[in-house]
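Asks: all I have is the shape, not the residue letters:
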């Protein structure tokens, strides 16, 4: 469905990339779709990610004030 979409894309969420294999798989699939990674610059465990295609991310942030999960969104 994403591959056939012809407009701008924002793909974001909890992708459960808790090991290197999962992260590389996600990164490779997003690259194949032409989506660029939006870096929030967090040094903590990152499971939530954002990718864009046809858009420019002006800023990204990790919400350290949110404590309702096992990781920061």
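Replies: Okay, I see it. Given the structure is predicted, the values throughout are model-derived calculations rather than measurements.

Asks: was I right about residue 51 contacting residue 30?
Replies: Yes - using C-beta atoms under 8 Å, residue 51 is in contact with residue 30, at 4.7 Å. C-betas here are computed from N, CA, C, even on glycine.

Asks: quick one: neighbours of residue 61, just the number.
Replies: Residues near residue 61, counting by other C-beta atoms under 10 Å, number 10.

Asks: before we move on, which element is it in?
Replies: Using DSSP states H and E, residue 61 sits within no helix or strand.

Asks: so what does it have for phi and psi?
Replies: Main-chain dihedrals, residue 61, degrees, to the nearest 10: phi -150, psi 150.

Asks: circling back: out of residue 51 and residue 30, which sits in the busier spot?
Replies: residue 51 (24 against 20).

Asks: next one, pLDDT for the closest residue to residue 57 other than its chain neighbours please.
Replies: In this structure, residue 57 finds its nearest non-sequential neighbour in residue 38, 4.3 Å apart by C-beta to C-beta, 6 or more residues apart in numbering. Looking at residue 38, its pLDDT is 91.
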